[in-house]
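J.: Provided below are the primary sequence and the corresponding predicted coordinates.
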Amino acid sequence: MQVLKKYFKKPPKETLIVYGVSIGILLALFITLYLIFGRTLTEFVTNTQSFKSWLEEYKGLSGVVFVFIRAFQTVIKIIPAEPLEIAAGYVFGTWGGLALCSLGSFIGSLVIVFLANTLGGKFISAFINEEQLNSLSIISNKKNQRLFLFIFYLVPSTPKDIMTYVAGSLKINITEFFIITTIARIPSILTSTICGAQLEQNNIKTAIAVFAATAVVSAVCAVIYKKYKTKNENRQTS
């Protein structure tokens, strides 16, 4: 945990100025993109037919456009992830949606890690707070770190994006990090794209069944994760 907190040490004044200007420019860019695209995209991804019609306007580039949207959503959470994944299944099918969502997540995660490593803790602190940072104290156990990362990204409802922001500070090869997390994300994305594909084929009952099963699994996993996190925190303070 001390490794993570080093990211939040106060740097020299000159560095703070650079951080402040860089973060200000990035936030201005993100806000501008949101005002131009964010609200429209949020409405689109919750209306799969409209989203499909909009993407079809780009013809052969529809996949490229979607990957950009997914990458943007990974970096800046102005678009809900699950509806976007369902929309991907609706437009591109189960496996096409899975591939494009995974690629977009990978690219977005690369951007996050690059920015975090370049700008350091001041950039990270613009997106996560001390309480969220402390919630990741369980990764301080280096012995089981790889296994924990896999389970962390496999289980629905865990704060994956927070983990990505601090990935550069982990004592793990960044290539390993991306391999582990990309594979672990697949089941969660797959269930969403299956729902979308079934909705496109008008198999409403199947889509509802998959969605309901996913919701139950997510709830159970969330409870297990919370209990495990609390147990680990109690162990560290004892």
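T.: Arrived safely.
J.: Now do the contacts for residue 192.
T.: 82, 85-86, 88-89, 97, 101, 214 (C-beta atoms under 8 Å, 6 or more residues apart in numbering). Backbone N, C-alpha and C define where each C-beta goes, glycine included.
J.: Return the distance of residue 99 relative to residue 155.
T.: 22 Å (C-beta to C-beta, to the nearest Å).
J.: now residue 106
T.: In terms of C-beta to C-beta, residue 106 sits 19 Å off from residue 155.
J.: Could you do residue 61 as well?
T.: 35 Å.
J.: Give me the more crowded residue out of those two.
T.: residue 155 (20 against 11; other C-beta atoms under 10 Å).
J.: wouldn't residue 195 be in contact with residue 210 here?
T.: Yes - using C-beta atoms under 8 Å, residue 195 is in contact with residue 210, at 5.1 Å.
J.: Who has more neighbours out of the two?
T.: residue 195 (25 against 20).
J.: Let's verify the more buried one: helix, strand, or coil?
T.: helix (DSSP: H, G, I helix; E, B strand; the rest coil).
J.: per-residue confidence at it?
T.: Note on residue 195: pLDDT of 90.
J.: same thing with residue 78?
T.: 72.
J.: got it, and residue 102?
T.: At residue 102, the model reports a pLDDT of 94.
J.: To which secondary structure element type does residue 70 belong?
T.: helix.
J.: Over to residue 78?
T.: coil.
J.: can you tell me which helix in this structure is longest?
T.: helix 81-119 (DSSP state H).
J.: now the helices: where do they sit in the protein?
T.: Under DSSP H, the chain gives helices at 2-5, 13-33, 39-45, 48-56, 62-75, 81-119, 121-125, 130-134, 145-154, 160-165, 174-200, 204-237.
J.: Any idea which of the ones you listed has the lowest pLDDT on average?
T.: Across the helices of the chain, helix 2-5 gives the lowest mean pLDDT, at a mean of 47.
J.: Tell me who's in contact with the closest residue to residue 109 other than its chain neighbours.
T.: Leaving aside its chain neighbours, residue 109 sits nearest to residue 164 (5.1 Å; criterion: C-beta to C-beta, 6 or more residues apart in numbering). Residues near residue 164 by C-beta under 8 Å, 6+ apart: 74, 109, 112-113, 181.
J.: Residue 164 and residue 96: what is the separation?
T.: 24 Å.
J.: What of residue 191?
T.: 15 Å.
J.: More neighbours: those two, which one.
T.: residue 191 (23 against 16).
J.: Please name the nearest non-neighbouring residue to that one.
T.: Using C-beta to C-beta, 6+ apart, the nearest residue to residue 191 is residue 214, at 4.6 Å.
J.: okay, now that neighbour: neighbour count?
T.: 19.
J.: Number the residues from 87 up from this point.
T.: With the count now opening at 87, the last piece we talked about shows up as residue 300.
J.: tell me the contacts of residue 181?
T.: Contacts of residue 181 (C-beta under 8 Å, 6+ apart): residue 279.
J.: cool, and residue 178?
T.: 149, 152, 185-186, 279.
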